[in-house]
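Undergrad: requesting a structural model of the entry that follows:
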Amino acid sequence: MTAKSSFKLNVLMFQLNANNSVKLTNIRSKINNILESNKFNFKSANTNKLIVFPELAYHKYLFDSNKDVEQFLQANTEENNIIDYFKTLSKKYNSYVISGFIERDASTKDKFYNSSICVYKDDIIKIHRKKHLYYTDEKWTSETTQDFSTFKMELKNENEVKQINCSMGICMDINPYKFIAPFDKFEFSSFCAKEDVDLVVCPTAWTTSCSVLQNETEVDQKKRYLDLLEKMKPSLQNPNLTDDREILHVNSLMNDKTYSTTEFLYKPDIQTINYWYSRFRPMHDSQNKYLLFCDKTGIENNSVLYNGSSTCIELNGGNPMVKGCLTTGDESVLSCELEF
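TA: Got it, this is the predicted structure:
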C-alpha cells in the first residue's frame with residue numbers, strides 16, 4: 001500500500017491590540033518586523049503559508065453609526081487600500097492572508113459590512129460577510145443575504161498539489177443567530193460538517209466577562225474595574241508600551257470575583273477555548289480538520305476587554321488537540337504547523 005502524501009501549512013496568527021488604529025501606532029511596521037524576524041523563519045520557509053489577522057484587524061471595533069465608520073476611514077486613509085496591503089503581504093511572503101476588514105458596499109458607498117477576506121498574491125479568493133451580527137455590529141453594519149460558503153487553498157509538496165476545503169466565520173457566526181435561534185442548531189459548524197471543511201478560520205473580537213455589554217447590570221462597576229486595569233497595565237490601552245508582567249491584586253468592584261488579580265491576563269482563557277470548541281459539535285468526530293480562532297486583545301473605549309487566547313485546535317475523531325494558544329492580555333503571534 002502506498003503511503004499518503006503529507007501536506008504542511010505553516011500558520012502565523014497575529015493577536016493584535018484593538019488600539020493600534022485608535023492610537024495610530026505603526027502596526028504595519030510591527031507586522032513586517034515579525035515576518036522578517038528569524039524567530040519564525042517565515043520569510044525563508046519553503047512551505048505552504050497562511051497569515052491570519054483578527055476581526056476588523058486594522059480598525060477599532062466599537063462604532064456608533066455608518067457616519068462614525070466613514071469618519072474613521074477618512075482619518076485613517078491608510079485603511080482605504082487595505083486589500084492592496086493584504087495582497088502585498090501575500091506576494092512578499094508567498095502566503096495566503098486572511099483578515100477581518102470593513103467592506104464598503106460598491107454600489108451604495110455608504111453601506112458597510114463586517115467582513116473577512118482571503119487573498120493569495122493578486123487574487124481575492126473569497127470575501128465572507130459576517131452573517132450573525134452582534135448588537136454592536138447592528139449600529140453600523142448591514143446584514144448580508146449571503147450564505148456561509150467555502151473556498152479552496154492549494155497546498156504543494158515536492159511532487160503533488162492538494163486542495164483543501166476552507167471556510168471563514170466571523171466571531172458571532174459561531175453562535176446561534178442573534179441568540180434567538182436554538183442553541184443547539186449550530187448553523188455555521190453544521191454547514192462546515194456538511195461541506196467537509198478541512199480548515200475553519202474565525203477572525204474574532206471576542207470579549208471577556210468584565211466587558212460592558214448590552215443589557216448590562218454592572219455598568220459603573222465594570223467601567224471602574226477596566227479603568228483600574230488600564231492604570232495597572234497601560235499596555236492594554238496602548239500597545240506601544242511594555243508590560244512589566246508583574247501580577248497585581250485587584251479589589252474587584254464586581255459581584256463576579258473571577259478577576260481578583262491580573263494573573264488572568266497572562267494565561268489563555270480556557271473556558272472560552274472550550275466554548276469555541278463546543279460550538280463545533282457537528283465536527284467533533286471529524287478526522288484531520290483544524291479550527292483557527294484569531295482574536296483581538298486590549299481594552300477599547302474603557303468598556304471592552306478583548307479575550308485574546310487565539311487558538312489552533314486539531315480535530316481527530318473525538319480527540320481534539322490544542323496545537324497552540326496565546327494569553328488573554330498580550331499582543332502576540334501564534335505559530336503552528338498544520339498537516340493534511
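Undergrad: phi and psi next, for Tyr225.
TA: phi -70, psi -50 (degrees, to the nearest 10).
Undergrad: for it, the count of nearby residues, please.
TA: 21 (other C-beta atoms under 10 Å). Backbone N, C-alpha and C define where each C-beta goes, glycine included.
Undergrad: then Ser286?
TA: 21.
Undergrad: helix/strand/coil for the residue nearest to it when sequence neighbours are not counted?
TA: By the measure of C-beta to C-beta, 6 or more residues apart in numbering, the closest residue to Ser286 outside its immediate chain neighbours is Leu315, 4.6 Å from it. Per DSSP: H, G, I helix; E, B strand; the rest coil, the secondary structure class of Leu315 is strand.
Undergrad: my guess is Leu315 contacts Pro282, does it?
TA: No. In this structure Leu315 lies outside contact range of Pro282 using C-beta atoms under 8 Å: 10.9 Å.
Undergrad: of these two, who's got more company?
TA: Each of Leu315 and Pro282 has its neighbours counted (other C-beta under 10 Å); Leu315 has more, 21 against 17.
Undergrad: those strands in the stretch 101-250 of the chain, which residues are they?
TA: All strands of the stretch 101-250 of the chain, identified by DSSP state E, counting those that start in this stretch, fall at 112-120, 123-129, 151-156, 161-168, 199-203.
Undergrad: packed most tightly, which of those strands would that be?
TA: strand 199-203 (a mean of 27; mean count of other C-beta atoms under 10 Å).
Undergrad: could you dump that strand to CSV, C-alpha only?
TA: Presented in CSV, the C-alpha positions along strand 199-203 are these (Å, rounded to 0.1, in the frame of the first residue of the first chain):
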residue,chain,number,x,y,z
LEU,A,199,-9.8,24.3,7.7
VAL,A,200,-12.1,26.7,9.5
VAL,A,201,-10.7,30.2,10.1
CYS,A,202,-12.5,32.5,12.6
PRO,A,203,-11.3,36.1,12.9
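Undergrad: list of residues touching that strand?
TA: 9, 52-55, 57, 98-100, 116, 118, 153, 164-171, 173-174, 189, 192, 276, 280, 283, 289-294, 338 (C-beta atoms under 8 Å, 6 or more residues apart in numbering).
Undergrad: mind listing what's buried along stretch 329-338?
TA: For stretch 329-338, burial by neighbour count (16 or more other C-beta atoms under 10 Å) applies to Gly329, Asp330, Glu331, Ser332, Val333, Leu334, Cys336, Leu338.
Undergrad: from Thr141, how far out is the first one?
TA: This means Gly329. 27 Å (C-beta to C-beta, to the nearest Å).
Undergrad: can you pull the contacts of Ser286?
TA: Ala193, Leu315, Gly317.
Undergrad: pick the one among the residues you listed closest to Tyr259.
TA: Nearest to Tyr259 out of the contacts of Ser286 is Leu315 (C-beta to C-beta; 31.1 Å).
Undergrad: got a quick PyMOL command for the buried subset of the contacts of strand 199-203?
TA: PyMOL command restricting the contacts of strand 199-203 to the buried ones, with burial defined by 16+ other C-beta under 10 Å:
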select buried, resi 9+52+53+54+55+57+98+99+100+116+118+153+164+165+166+167+168+169+170+171+173+174+189+192+276+280+283+289+290+291+292+293+294+338
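Undergrad: picking that back up, in JSON lines, list the contacts of Ser286 along with distance to Thr47 and pLDDT.
TA: Formatted as JSON lines, these follow (distance: C-beta to C-beta, whole Å; pLDDT from 0 to 100):
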{"residue": "Ala193", "distance to Thr47": "28", "pLDDT": "98"}
{"residue": "Leu315", "distance to Thr47": "22", "pLDDT": "97"}
{"residue": "Gly317", "distance to Thr47": "26", "pLDDT": "91"}
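Undergrad: and Asn302, backbone torsions?
TA: phi 50, psi 30.
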